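Peer 1: structure for the following, please:
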Amino acid sequence: MRVIDQGIAVKAKEGTDRSSCAFSSVAVLPGGRWLCGFRAAPLKGENAGQHTMITWSDDEGKTWCEPFAPWTPREIDGKPGLFRAAMLTTLGGTRVLSTIYWVDNSDPSLPFFNEETEGLLDSYLYFSFSEDNGETWSEPRLLDTTPYNVPTPTTGPTLVLANGEWALQFETNKHYYDTTPWQHASVLMFTCDEGRTFPESAVTASDPNRRFFWWDQRPGVLADGSLLDLFWTYDNVEAVYLNIQARASRDNGRTWSALWDTGVPGQPAMPVSLLDGRIAMVYMDRTGAPTVKLRVSTDGGRTWPDDTELTLFQPPTPTQTVSKGSMQDAWSEMGKFSTGLPCTALLPNGDLLVLFYSGPHKDLTDIRWVRVSR
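Peer 2: Residues are numbered from 1 along each chain as shown. A predicted model of the protein is given here:
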């Protein structure tokens, strides 16, 4: 595979509420539009001023429309909040789903993560629909994620499964001032009625001993209808990141194989089935200078040979990885990243589209794109 084109989808505007552009999502629509959702903010690490925006390209990345914010912030239980992410799913034709992530902003001075308790600001999820390729959007509808009545930050777009159901994805955190131990889990919830109800759910990864945190799950629906889920994996005892871990499901996410070690270090994007039967995995490698890389697998994601590795983007940035001694150190490290969170989509001709954020420092980042040919 090789990089054949690249560019900037959203240019940061220093000193404005669009200085930090990050947390992107991409959907390739049937008509050819590249639709992008992202979070914009004055500063990466602060909640104040953050909002979710939409942009698109109708000419394969050559030009992008002026970003706009289609959703107005709202209150939940009397608490004002802001939208932090918009994860996009194409539903066929001109119809698109956005899974929107709401965060409590009743006290703008509070950091997102409470370092003393390891709690998170109240977080909820919404669905909003577009019937016209992302140009206008419905009023967001709050989702009921019971029995997971804790902060539920989304980890990626809602999936359309092989059986026609949708799978909402998120992680479980704990309330901001809760001093009990954090029981993290990666979760899928299933709906047959566009999110009005979620009668079933499945935990895709959780450690009852609270040693391993399978963060940022990245499930993808493969060409054969199975699911492959990839995890950015943190060992909270040794305070180190392990290789990307993976597991598979052949019954639409209800049950899962044992986890396996992919042998690849880093933070993955959603896996994508290529037209020739291989699977592509894009990931952030932070073992040295932060680098966006790609590998491919020919055995269902079990192995990702070294000789398939391709560098997609490497900014002129020194390593941003530090020695860690605690969960607090891990969160502090994340807050300083200036390149990261790649997302992926397959183009009609079989090329791979990758979006991610990158810039000279954490508070000045663009949304960039790379096109990879097979």
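Peer 1: around residue 274, how many other residues sit close by?
Peer 2: 17 (other CB atoms under 10 Å). From N, CA and C alone the C-beta is placed, and that goes for glycine too.
Peer 1: which residues does stretch 171-178 contact?
Peer 2: 110, 114, 117-123, 148, 150-153, 155, 180, 182-187, 215-217 (CB atoms under 8 Å, 6 or more residues apart in numbering).
Peer 1: buried among those? Need that as a selection in ChimeraX.
Peer 2: Per 16 or more other CB atoms under 10 Å, the buried members of those correspond to this ChimeraX selection:
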select :114,118,119,120,121,122,123,148,150,151,152,153,155,182,184,185,186,187,215,216,217
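Peer 1: what's the longest strand in the chain?
Peer 2: Scanning the chain for the longest strand, with DSSP state E as the assignment, gives strand 79-90.
Peer 1: what about that one, distance to the chain center?
Peer 2: 12 Å (CA atoms, centre = their mean, to the nearest Å).
Peer 1: quick check: buried residues in that strand?
Peer 2: For strand 79-90, by 16+ other CB under 10 Å, it's 81-90.
Peer 1: correct me, but residue 83 touches residue 100?
Peer 2: Yes: contact criterion CB atoms under 8 Å: residue 83 and residue 100 qualify, at 5.3 Å.
Peer 1: shared neighbours of those two, anything?
Peer 2: With CB under 8 Å, 6+ apart, residue 83 and residue 100 have common neighbours 52, 71.
Peer 1: now residue 15: how far from residue 359?
Peer 2: Separation of residue 15 from residue 359 (CB to CB, to the nearest Å): 14 Å.
Peer 1: who's more crowded, the two?
Peer 2: Set residue 15 next to residue 359 and count neighbours by other CB under 10 Å: residue 359 wins out with 23 against 9.
Peer 1: where in the chain is the helix or strand with the lowest mean pLDDT?
Peer 2: Here the helix or strand of the chain ranked lowest by mean pLDDT, DSSP states H and E is helix 327-335, holding a mean of 72.
Peer 1: contact partners for residue 218?
Peer 2: Going by CB under 8 Å, 6+ apart, the list of residues near residue 218 reads 155-156, 229-231, 268-271.
Peer 1: what helix or strand does it sit in?
Peer 2: Under the criterion of DSSP states H and E, residue 218 resides in strand 212-221.
Peer 1: compute the inter-axis angle for that strand and helix 327-335.
Peer 2: Here strand 212-221 points in a direction 40 degrees away from that of helix 327-335 (axes from the mean of the first three to the mean of the last three CA atoms, to 10 degrees).
Peer 1: next SSE after strand 212-221?
Peer 2: strand 227-235.
Peer 1: partner strands of the helix or strand just after that next one, with direction?
Peer 2: Proceeding N to C from strand 227-235, the next assigned helix or strand is strand 240-241, under DSSP H and E. For strand 240-241, the paired strands and their directions (DSSP bridges) read strand 227-235 (antiparallel).
Peer 1: and the strand it pairs with, which residues are buried?
Peer 2: 227-234.
Peer 1: quick check: the farthest pair among those?
Peer 2: Spatially, the most separated pair among the buried residues of strand 227-235 is 227 and 234, at 22.2 Å (CB to CB).
Peer 1: residue 280 and residue 185: what is the separation?
Peer 2: 27 Å.
Peer 1: the strands in the stretch 1-150 of the chain, which residues?
Peer 2: 2-10, 20-28, 34-41, 51-57, 75-76, 79-90, 96-104, 113-114, 119-120, 123-130, 141-142 (DSSP state E, counting those that start in this stretch).
Peer 1: same thing with the stretch 201-350 of the chain?
Peer 2: Assigned by DSSP E, counting those that start in this stretch, the strands in the stretch 201-350 of the chain fall at 212-221, 227-235, 240-241, 243-249, 260-265, 267-268, 272-273, 279-285, 291-297, 310-313, 339-346.
Peer 1: looking at those strands, which is nearest to residue 371?
Peer 2: Nearest to residue 371, of all those, is strand 310-313, at 9.7 Å by CB to CB.
Peer 1: just checking: what are the partner strands of that closest one?
Peer 2: Strand 310-313 has the following strand partners under DSSP bridges: strand 291-297 (antiparallel).
Peer 1: same question for the strand it pairs with, mean pLDDT?
Peer 2: Across strand 291-297, the average pLDDT comes to 97.
Peer 1: how far out from the middle of the chain is it?
Peer 2: So, by CA atoms, centre = their mean, the centroid of strand 291-297 is 17 Å from its chain's centroid.
Peer 1: quick check, pLDDT for residue 287.
Peer 2: Per the predicted model, pLDDT is 89 at residue 287.
Peer 1: wait, it touches residue 321, no?
Peer 2: Yes: in this structure, residue 287 is within contact of residue 321 by CB under 8 Å, at 7.4 Å.
Peer 1: which of the two has more neighbours?
Peer 2: More crowded of residue 287 and residue 321, by other CB under 10 Å: residue 321, with 16 against 11.
Peer 1: tell me the pLDDT of the more buried one.
Peer 2: Note for residue 321: predicted pLDDT of 70.
Peer 1: verify the stated contact: it with residue 284.
Peer 2: No: between residue 321 and residue 284 there is no contact under CB under 8 Å: 10.8 Å.
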